[in-house]
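Q: Kindly generate the corresponding structure for this input.
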Amino acid sequence: MSFDDLAAARRTHKAFGAEPVPRDTLLELLELARLAPNHHLTQPWRFRVLGPESLARLKEAAGRPRR
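A: Sure, this is the predicted structure:
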């Protein structure tokens, strides 16, 4: 598949499944994301992986979602 095909097929998804992503897959994806272009070539990317307890606490701290 060419880059043009990949770029044209790209979609943003905001609904995710409940099943966790395998750790090896997650690490591979984060390594690839780290190489994404950025505005000043400073590689400022920082990633945080939250487990279920941390995610629940973050949602609680954020309050009700706005519509």
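Q: how far is the helix or strand of the chain with the lowest mean pLDDT from where the chain is centred?
A: Ranked by mean pLDDT, DSSP states H and E, the helix or strand of the chain with the weakest confidence is helix 3-9, at a mean of 84. A distance of 19 Å separates the centroid of the chain from that of helix 3-9, by Cα atoms, centre = their mean, to the nearest Å.
Q: Also stretch 42-52?
A: With Cα atoms, centre = their mean, you get 8 Å for stretch 42-52.
Q: any idea of the mean pLDDT for it?
A: Averaging pLDDT along stretch 42-52 gives 81.
Q: and the end-to-end length of it?
A: Length of stretch 42-52, first residue to last, Cα to Cα, to the nearest Å: 31 Å.
Q: Over to stretch 10-26?
A: OK, stretch 10-26 end separation, Cα to Cα: 19 Å.
Q: tell me the mean pLDDT for that stretch?
A: Here stretch 10-26 scores 83 as its mean pLDDT.
Q: can you check stretch 29-37 too?
A: Stretch 29-37 comes out at a mean pLDDT of 85.
Q: Which residues outside that stretch are in contact with it?
A: With contact meaning Cβ atoms under 8 Å, 6 or more residues apart in numbering, stretch 29-37 is reached by V21, Q43, W45, F47, V49. Where you see a C-beta, it was placed from the backbone N, CA and C, and this is true even at glycine.
Q: Identify each buried residue in that stretch, please.
A: By neighbour count with 16 or more other Cβ atoms under 10 Å, stretch 29-37 contains no buried residues.
Q: Quick one: name whatever helix or strand follows the helix or strand harbouring L29.
A: Using DSSP states H and E, L29 falls within helix 23-34. Using DSSP H and E, the next helix or strand after helix 23-34 towards the C-terminus is helix 52-62.
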